[in-house]
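Peer 1: With the input below, show me the fold.
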Amino acid sequence: MTERLRIAVQKKGRLADDSFALLKKCGLRFAIRGGGLLTRVKNLPIDLLLVRDDDIPAFVSTGASDLGFVGENVLVEEQLTTEGGIDAQIDRRLGFSRCKLSLAAESGGDILSSTDLNGTKIATTYPGVLRKYLADNKIKATIVEMKGAVELAPSINIAQSICDLVSSGATLEANGLAAFETILQSEAVLIKSARTLSPVKQDIYDKLIRRIDGVTASSDSKYIMLNAPRAALEAISAILPGADAPTVMSLAGSDDMVAVQAVCTENVFWETLEQLKAEGARAILVLPIEKMMA
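Peer 2: You can find the predicted model right below:
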């Protein structure tokens with residue numbers, strides 16, 4: 001039987017959707033149907049294990065899964081709270097599903113900074129991360145563990161403040177709360193244990209990682225094409241963000257103008273185009289890059 005690489009993925013939610021989208025951009029063909037726990041990739045020997053997000057670090061640690069897509073916040077919490085630790089480390093940062101774990105309290109209330117937390121109660125679903133933060137900052141506060149709806153804790157007098165994930169801040173605002181300190185920045189990560197993969201699985205892993213790196217590298221990259229005076233090449237090359245030496249070609253019927261093409265691995269803003277135009281560039285075209293492999 002052919003060995004298959006197994007990847008644990010959150011079965012639903014924003015991170016799940018983003019993870020599936022990344023894998024499809026990597027050329028993997030699969031379909032998620034109903035409440036199944038296992039999905040087979042059709043064109044590569046890879047299985048997707050669809051599970052709860054807080055189970056993913058343990059699945060990777062125990063060998064039930066070779067890799068896992070998970071929020072960094074979940075990984076850190078499981079590392080801090082699992083007896084004996086978790087053998088699962090970050091292999092790649094993926095750049096999506098970003099959020100932050102923040103402290104928040106009643107807007108206009110008595111708690112305005114972390115120094116006001118001494119002697120108070122803090123509600124959270126992340127006791128491990130919060131406990132470490134309090135110890136590191138020598139803050140003596142009581143942690144109230146909750147399974148959800150943490151933002152309600154101050155209004156029902158369970159705690160004076162909360163420690164919870166913040167994305168847009170709309171939920172905090174709707175409950176009369178304001179964040180005053182971030183204790184963890186989080187994003188989706190690919191995790192892997194320290195175990196050595198078999199040669200067959202290592203080959204599959206290497207192929208997948210090359211594709212993931214290619215998709216990740218191309219997500220913010222742009223292909224720029226423009227015409228410019230030959231005399232302005234040095235200035236224009238300096239403006240192009242994160243680009244290697246551009247490709248320069250003579251324009252038919254002109255000794256003074258050249259065509260310039262470059263891959264920019266940093267964001268290209270309107271200000272960048274205005275700077276290029278100020279140096280004499282014209283017919284500037286910015287194109288997205290779907291795939292890129294070094």
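
Peer 1: Beta-bridge partners for Arg40, please?
Peer 2: Asp47 (DSSP bridges).

Peer 1: Just give the closest residue to Asp37, not the sequence neighbours.
Peer 2: No Asp there; residue 37 is Leu. Sequence neighbours aside, Leu50 is the residue nearest to Leu37 in space, at 5.5 Å (criterion: C-beta to C-beta, 6 or more residues apart in numbering). For every residue, glycine as well, the C-beta is placed using N, CA and C.

Peer 1: Roughly how far does the one you found sit from Glu234?
Peer 2: Distance of Leu50 to Glu234, computed by C-beta to C-beta, to the nearest Å: 53 Å.

Peer 1: who has more neighbours, these two?
Peer 2: Leu50 (18 against 8; other C-beta atoms under 10 Å).

Peer 1: that's a strand at that one, yeah?
Peer 2: Yes - under DSSP: H, G, I helix; E, B strand; the rest coil, Leu50 sits within a strand.

Peer 1: Just list the residues touching it, thanks.
Peer 2: By C-beta atoms under 8 Å, 6 or more residues apart in numbering, the contact set of Leu50 is Val9, Gln10, Lys11, Ala16, Ile32, Gly36, Leu37, Leu38, Thr39.

Peer 1: Which of these are buried? Put it as a PyMOL command.
Peer 2: The PyMOL selection below is limited to those of the contacts of Leu50 classed as buried (16 or more other C-beta atoms under 10 Å):
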select buried, resi 9+10+11+16+39
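
Peer 1: a markdown table please, covering the contacts of Leu50 and showing distance to Ala194.
Peer 2: A markdown table is the format used below for the contacts of Leu50 (distance: C-beta to C-beta, whole Å):
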| residue | distance to Ala194 |
| --- | --- |
| Val9 | 21 |
| Gln10 | 23 |
| Lys11 | 26 |
| Ala16 | 26 |
| Ile32 | 30 |
| Gly36 | 30 |
| Leu37 | 26 |
| Leu38 | 25 |
| Thr39 | 26 |
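
Peer 1: Who does Ile224 form a beta bridge with?
Peer 2: As for beta bridges, Ile224 partners with Ala262, Val286 under DSSP bridges.

Peer 1: Next up, the contacts around it.
Peer 2: By C-beta under 8 Å, 6+ apart, the contact set of Ile224 is Leu240, Ala243, Val260, Gln261, Ala262, Val263, Cys264, Val268, Ile284, Leu285, Val286, Leu287.

Peer 1: Most remote residue from the middle of this protein, which is it?
Peer 2: The centre of the chain is farthest from one residue, Gly253, which by C-alpha atoms, centre = their mean lies 48.0 Å away.
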